[in-house]
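A.B. asks: Requesting a structural model of the entry that follows:
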Amino acid sequence: EVQLVESGGGLVQAGGSLRLSCAYSGFTFDDYAIGWFRQAPGKEREGVSLINFSDGRTYYADSVKGRFTISSDNAKKTVYLQMNSLKPEDTAVYYCVQVPGVIAGIPGQDEYDYWGQGTQVTVSS
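C.D. replies: Residues are numbered from 1 along each chain as shown. Presented below is the predicted three-dimensional model:
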């Protein structure tokens, strides 16, 4: 059974930092990408960042480039999202997601096989 379990959300002031973690398990294949989507109240889901398991390439939404960093620890089966210089507009529920294959960009939300339960990130001004 595939599981994606997020942690690390919380409340932070603008300009602050948070690190999200996604512990994954149950994958039976080697080519996939894991990363993060987010959904703010009243808005559509937005792809934030993903990393390919096979080649380690990373992809970011323009809105977070230079502020967020995705990384993975394959031994711990955990993907991290380091979020720096947070802004109020980063407030959202952040979901860990998995998509099969090797990606060359952030796929649309309909492409993902698995979603975590989500973790709330709130950035106060």
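
A.B. asks: which stretches of this structure form strands?
C.D. replies: For the chain, the strands identified by DSSP state E occupy 3-7, 10-13, 18-25, 32-39, 46-52, 58-60, 68-73, 78-83, 92-100, 114-115, 119-124, in order along the chain.

A.B. asks: out of the ones you listed, deepest packed?
C.D. replies: Mean neighbour counts were compared across the strands of the chain using mean count of other Cβ atoms under 10 Å; the top stretch is strand 32-39, at a mean of 24. Quick note: C-beta positions are derived from backbone N, CA and C, even for glycine.

A.B. asks: which residues touch Trp115?
C.D. replies: With contact taken as Cβ atoms under 8 Å, 6 or more residues apart in numbering, Trp115 is in contact with 4, 37, 95-97.

A.B. asks: Adding distance to Ile106 and mean pLDDT as columns, could you present the strands of the chain in TSV?
C.D. replies: Written out in TSV, the entries for the strands of the chain read as follows (distance: least, Cβ to Cβ, whole Å; pLDDT from 0 to 100):
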stretch	distance to Ile106	mean pLDDT
strand 3-7	17	96
strand 10-13	24	98
strand 18-25	16	96
strand 32-39	8	96
strand 46-52	4	96
strand 58-60	5	98
strand 68-73	11	97
strand 78-83	13	98
strand 92-100	9	96
strand 114-115	15	95
strand 119-124	18	98
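
A.B. asks: Can you add distance to Pro107 and give these back as a markdown table?
C.D. replies: Converted to a markdown table, those look like this (distance: least, Cβ to Cβ, whole Å):
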| stretch | distance to Pro107 |
| --- | --- |
| strand 3-7 | 16 |
| strand 10-13 | 28 |
| strand 18-25 | 17 |
| strand 32-39 | 8 |
| strand 46-52 | 7 |
| strand 58-60 | 10 |
| strand 68-73 | 15 |
| strand 78-83 | 16 |
| strand 92-100 | 6 |
| strand 114-115 | 13 |
| strand 119-124 | 21 |
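
A.B. asks: Of these, which is nearest Gly108?
C.D. replies: Of all the strands of the chain, the one in closest proximity to Gly108, counting by Cβ to Cβ, is strand 46-52 (7.6 Å).
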